[in-house]
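Peer 1: for reference, the sequence and a predicted model appear below.
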Amino acid sequence: MNFPAVLFPVLGDRMVIAIIGIVHVLVSHGMAVGGSLFIVLLEYKSIREKNQMLNEAAYHMARWFFILTTAVGALTGVGIWFSTQIFSPVGIGSLLRLFFWVWFIEWGVFVAELSLVSIYYLTWRVMKPEKHLRVGVAYILVSLMTLFAIVGILGFQMTPGKWLETRSFWPAFFNVTYLPQSFSRMALAAMLACAFNLLIFSFMRHRFRDIRGEFLRFCGRYLLFVTPVYLFATFAYYQVLPERASQFMPVALMTLRLTQYASFSQIFFLFVAGFLFLTGLILFATRRSYGVLSVAPFILLTIGTAQFERVREFSRKPYVIEEYMYSNGIRKREAPYLSSTGVLKYYTWAQKQAGPRGAPASKGHAVFIIECSVCHTYRGMNGIFNKGPIIGTKEAAIQFLDNMQFTYPYMPPFIGTQDEKEALAEFLAEGIGGG
């Protein structure tokens, strides 16, 4: 429990994790999982039809996938580990104890994935086509293995199921969201790959103008197949989420102040799916992109992916592991004990970081670091000192802390003694008053 807290200024801890995570999802899904399938299918089509120019186009597109997967994908993958370990050490530590061998195998598979994408791209012009396709198929399978491993862990955080009673690995990993989320992410990866390739091909359209129509028709057929899969799998995924997560959906889709517009965000999701299906129809029927269809799918899917990840993360609140650990790293079963004995005696690092001991505000600062800092900054994004109308006085802050698990159920309840609660309230009121 006792780790030094790293407070990232302005953006906040969770936003840093979110930015790294979204970039990683875009690259790992769109260029590794989906990209491997798209490029290998395009290469297979070029070999079957003996179309050397189509094969050459696939080679040039694979170059971008090779560079971005081995550079940006690998770096952001490490970045997720680094950021989660420093911002949420207790949460990631608990997941590691349960899923150590899953992550161990995933890291081995990840190394194999990087090796295979390197072999696949670098041997394109020297290896026999049939043998080269076998390397591509192996690359597809290995990329899917990394997805299947991570989906089990992500799903467990929101739907641990029988693990809460049995502490057994298998129901934890193969939880109720495992299958729908796996299919949803596979289809999303396939759509992202197509969007990436449409964008890349737009910069090569003059060089490969003779196969432009054939390539666009291939993309159209591809989108017509994977878009309905994504729509139905994502719908199935949302149906098995906990009821509490569904209740948080309006806030997750927008913000607390804009919940009345949540329906527009839901309409946006359907619009993206419908637009991609329509794009597939147009590309397949006309073999023309009309300019906008080379760029719009990439933009819409980037926004949609970021929104999906936000909804998934927010809907899990106030937990990092459903019904087991709150987002601030305090286990639910420990809360009654810590509320009777106090949290400060078990978090010496927070007390050192808060400043000289003795003053109530310093004591309150330490409580803030322990219970609030993972989601709140001081005056930056989601800044606690920007909430004057709610907690502008000590009395208002105490009232807020007494009831926040009911008025803001996506926030963990206050855990600690009455003395610690009053110290935190004084720290909040002084910070707002001194702003």
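Peer 2: Received, thanks.

Peer 1: the stretch 101-250 of the chain: helices as residue ranges?
Peer 2: 129-158, 163-166, 169-173, 178-202, 212-239, 243-247, 249-253 (DSSP state H, counting those that start in this stretch).

Peer 1: deepest of those helices, which one?
Peer 2: helix 178-202 (a mean of 23; mean count of other CB atoms under 10 Å). (C-beta placed from N, C-alpha, C; glycine too.)

Peer 1: what's the average pLDDT for that one?
Peer 2: Helix 178-202 comes out with an average pLDDT of 96.

Peer 1: can you name every helix or strand that that helix contacts?
Peer 2: Packing contacts for helix 178-202, counted by 3 or more CB pairs under 8 Å, 6 or more residues apart in numbering; DSSP states H and E, involve helix 34-48, helix 52-68, helix 129-158, helix 212-239, helix 296-315.

Peer 1: what stretches of the stretch 201-350 of the chain score poorly on pLDDT?
Peer 2: 248-266 (pLDDT under 70).

Peer 1: related to what we said a few turns ago, got the helices of the stretch 101-250 of the chain as CSV, with distance to residue 370 columns?
Peer 2: Shown next, in CSV, are those (distance: least, CB to CB, whole Å):
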stretch, distance to residue 370
helix 129-158, 21
helix 163-166, 24
helix 169-173, 27
helix 178-202, 32
helix 212-239, 33
helix 243-247, 24
helix 249-253, 24
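
Peer 1: of all those, which one comes closest to residue 303?
Peer 2: Residue 303 lies closest to helix 178-202 among the helices of the stretch 101-250 of the chain, at 11.5 Å (CB to CB).

Peer 1: run the chain-centre distance for that closest one.
Peer 2: 15 Å (CA atoms, centre = their mean, to the nearest Å).

Peer 1: ditto for stretch 80-94
Peer 2: Counting by CA atoms, centre = their mean, stretch 80-94 comes out at 14 Å from the chain centroid.

Peer 1: same check, this time on stretch 40-50
Peer 2: Going by CA atoms, centre = their mean, where stretch 40-50 is centred and where its chain is centred differ by 33 Å.

Peer 1: so what touches it?
Peer 2: Contacts to stretch 40-50, defined as CB atoms under 8 Å, 6 or more residues apart in numbering, come from residues 51-52, 54-55, 57-58, 61, 129-130, 132-133, 136-137, 139-140, 215, 218, 222.

Peer 1: show me what contacts the one residue sitting closest to the centre of the chain?
Peer 2: Centroid-nearest residue in the chain, with CA atoms, centre = their mean: residue 309, separated by 4.3 Å. Residue 309 makes contact with 18, 21-22, 25, according to CB under 8 Å, 6+ apart.

Peer 1: of those, buried ones?
Peer 2: Those of those that meet the buried threshold are 18, 21-22, 25, by 16 or more other CB atoms under 10 Å.

Peer 1: stretch 101-116: which residues count as buried?
Peer 2: Of the residues in stretch 101-116, those buried (16+ other CB under 10 Å) are 102-103, 106, 109-110, 112-114, 116.

Peer 1: and it, average pLDDT?
Peer 2: 94.

Peer 1: and the contacts of that stretch?
Peer 2: Here stretch 101-116 has contacts from 32, 69-70, 74, 77, 96, 135, 138-139, 142-143, 145-146, 149-150, 152-153, 173, using CB under 8 Å, 6+ apart.

Peer 1: just stretch 232-251 next, same as before
Peer 2: Against stretch 232-251 from outside (CB under 8 Å, 6+ apart): 158-159, 176-177, 180-181, 183-184, 186-188, 259, 262, 269, 308, 311, 314-317, 322, 409-410.

Peer 1: let me have the contacts of residue 309 in JSON lines, adding secondary structure and distance to residue 211 as columns.
Peer 2: Formatted as JSON lines, these follow (DSSP: H, G, I helix; E, B strand; the rest coil; distance: CB to CB, whole Å):
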{"residue": "18", "secondary structure": "helix", "distance to residue 211": "39"}
{"residue": "21", "secondary structure": "helix", "distance to residue 211": "36"}
{"residue": "22", "secondary structure": "helix", "distance to residue 211": "33"}
{"residue": "25", "secondary structure": "helix", "distance to residue 211": "31"}
